[in-house]
Structures are given as structure tokens and as C-alpha cells.
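Student: Sequence first, predicted model second:
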Amino acid sequence: MKYQFIAIEGNIGVGKTTFSRMLAKELKFRIILEEFADNPFLPKFYEHPERYAFSLELFFMAERYRQLGEIRDKDLFSKGIVSDYFFVKSKLFAENNLNDDELLLFNRLSDIALKNLPKPDLLIYLHSDVKRLQFNIEKRGRSFEQNISNDYLFDIQNKYFDFFKKHPDFPILIVDVSEVDFVNQKDIFQRLVALTSKSHQKGINRISIT
């Protein structure tokens with residue numbers, strides 16, 4: 001394999017975890033999944049975002065650092081890894097959710113943490129239009145997600161794209177999955193898998209799989 005540490009990213013509801021599980025099984029890689037269900041501030045944040053945003057993001061950052069720190073301390077390359085997030089996700093969501101003073105403190109902490117963590121060899125960003133995201137969010141039925149606005153999803157999307165433009169440190173594949181079903185369409189899934197065995201330039205690579 002050309003890439004030993006593959007991070008899967010995308011907006012809320014795009015299917016990051018599902019795809020990460022499928023890809024890790026296909027490649028016989030270890031998998032790291034975000035433990036969002038363990039964050040006690042998540043339901044509270046959706047009810048009272050201004051009150052719980054900082055606690056939410058700090059908890060997520062600490063958990064992501066713990067998980068990725070474990071693979072840093074082990075032999076990363078003894079077995080490939082698929083993760084359903086990239087640590088920088090913490091910064092991007094914080095930019096969207098925190099006020100200026102909170103963001104200043106959060107960024108200082110996250111910058112320290114980021115220096116001590118491995119970067120992915122390849123990042124696959126699953127892109128979907130907001131209409132499809134809202135359909136997926138409704139379908140999976142998490143009560144605390146049902147009132148997420150279109151504007152919030154657009155803001156998160158723009159944060160990702162802005163980061164990708166400014167940090168071409170590794171290959172970033174932006175794959176539009178708005179009109180496909182990689183779970184049930186085996187040919188689509190195999191095209192996505194095939195991307196992991198090809199060489200890609202650093203920075204943004206827009207990929208069509210239809």
C-alpha cells in the first residue's frame with residue numbers, strides 16, 4: 001500500500017464512519033472511530049450551543065488526542081490505519097462554534113497537541129450536498145441532530161475547504177458522493193477503494209467516481 005494512515009473526513013451525515021469501517025475491512029487495516037457517543041456535552045450543545053460549545057469541543061479534542069496518541073506511541077506502520085476523522089477537525093468545528101476568546105485558548109491547546117500527532121498519508125473527503133446530508137441525518141434518527149440547520153452545514157463545509165486550500169501538506173481527495181450509494185453500489189465502493197492504491201499529488205485532488 002502507498003498509504004499507511006488514511007483519514008476519512010466530511011460533513012455531518014455524509015457517512016464517514018460507515019465508509020471507514022468498510023474501507024478498513026477491505027484493506028485489512030486497523031480502524032480508529034470517533035467516540036462521539038461518549039461526549040456528554042453533545043446533546044446539551046444542540047440545545048444550548050453558546051453555553052456548551054467550549055466544553056463540547058474541548059472534550060472532543062482530548063478524546064481525539066488520546067486515540068491518535070496511542071497509535072503515535074505504537075508502531076504506526078506495523079499495520080495500516082483508517083480513521084474516520086482528522087485531528088484538525090477539532091480546530092475547524094471550534095472556529096464555527098466558539099467565540100473569539102474561547103477560540104484563542106482552544107487554538108493554543110490544539111496547536112500544541114497537533115505537533116505531537118502523526119499526519120495522515122492520505123485524506124479522503126466525502127462531499128455531499130446539503131439536501132442529501134439532511135436526508136441522511138433524518139434517516140439515522142439521532143434526536144439531538146434533527147434541528148441542524150442548512151446554514152450550519154454550509155459553514156462546516158466551507159471551513160473544510162478553506163483549510164484544504166491553505167494546507168497542502170498531503171494528498172486530499174475530494175469525492176462527491178451526493179448522487180451515489182457506496183454502501184449498496186459495490187462498483188462505487190470499489191472505485192473508492194482503488195483510490196487508495198494510486199499516487200496522488202499533495203493538496204486538493206477533485207475525484208469523480210460517476
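Tutor: Looks like it came in fine.

Student: E9 looks like it's in a helix, true?
Tutor: No: counting by DSSP: H, G, I helix; E, B strand; the rest coil, E9 is not found in a helix; it is strand.

Student: Beta-bridge partners for it, please?
Tutor: Residues in a beta bridge with E9, per DSSP bridges, are Y125.

Student: Could I get the pLDDT score of it?
Tutor: With respect to pLDDT, E9 scores 97.

Student: can you count the residues close to it?
Tutor: E9: 25 surrounding residues under other Cβ atoms under 10 Å. The way it works is simple: take the backbone N, C-alpha and C, and place the C-beta from them, glycine included.

Student: Tell me if I'm right that it and L126 touch.
Tutor: Yes: if you go by Cβ atoms under 8 Å, E9 and L126 touch, sitting 7.3 Å apart.

Student: Identify the contacts common to those two.
Tutor: K16 (Cβ atoms under 8 Å, 6 or more residues apart in numbering).

Student: what sits against the residue nearest to K202 when sequence neighbours are not counted?
Tutor: Leaving aside its sequence neighbours, K202 sits nearest to P168 (Cβ to Cβ, 6 or more residues apart in numbering; 5.1 Å). Contact analysis of P168 by Cβ under 8 Å, 6+ apart lists K202, G203, I204.

Student: what's the answer for I148, then?
Tutor: Taking Cβ under 8 Å, 6+ apart as the test, what I148 contacts is I12, Y46, Q134, I137.

Student: tell me the two of those residues that are most distant?
Tutor: Y46 and Q134 (14.8 Å; Cβ to Cβ).

Student: related to what we said a few turns ago, quick one: which of the contacts of P168 is most hemmed in?
Tutor: Going by other Cβ under 10 Å, I204 tops the contacts of P168 with 16 neighbours.

Student: and the helix or strand harbouring it, what other elements does it pack with?
Tutor: Assigned by DSSP states H and E, I204 belongs to strand 203-207. For strand 203-207, the packing partners by 3 or more Cβ pairs under 8 Å, 6 or more residues apart in numbering; DSSP states H and E come out as helix 150-166, strand 171-176.

Student: With only the CA atoms kept, save it in PDB.
Tutor: The C-alpha coordinates for strand 203-207 follow below in PDB (Å, rounded to 0.1, in the frame of the first residue of the first chain):
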ATOM      1  CA  GLY A 203      -3.000  19.200  -2.000                       C
ATOM      2  CA  ILE A 204      -6.500  19.100  -3.400                       C
ATOM      3  CA  ASN A 205      -7.400  16.400  -5.900                       C
ATOM      4  CA  ARG A 206     -11.100  16.500  -7.100                       C
ATOM      5  CA  ILE A 207     -12.200  13.000  -7.900                       C
END
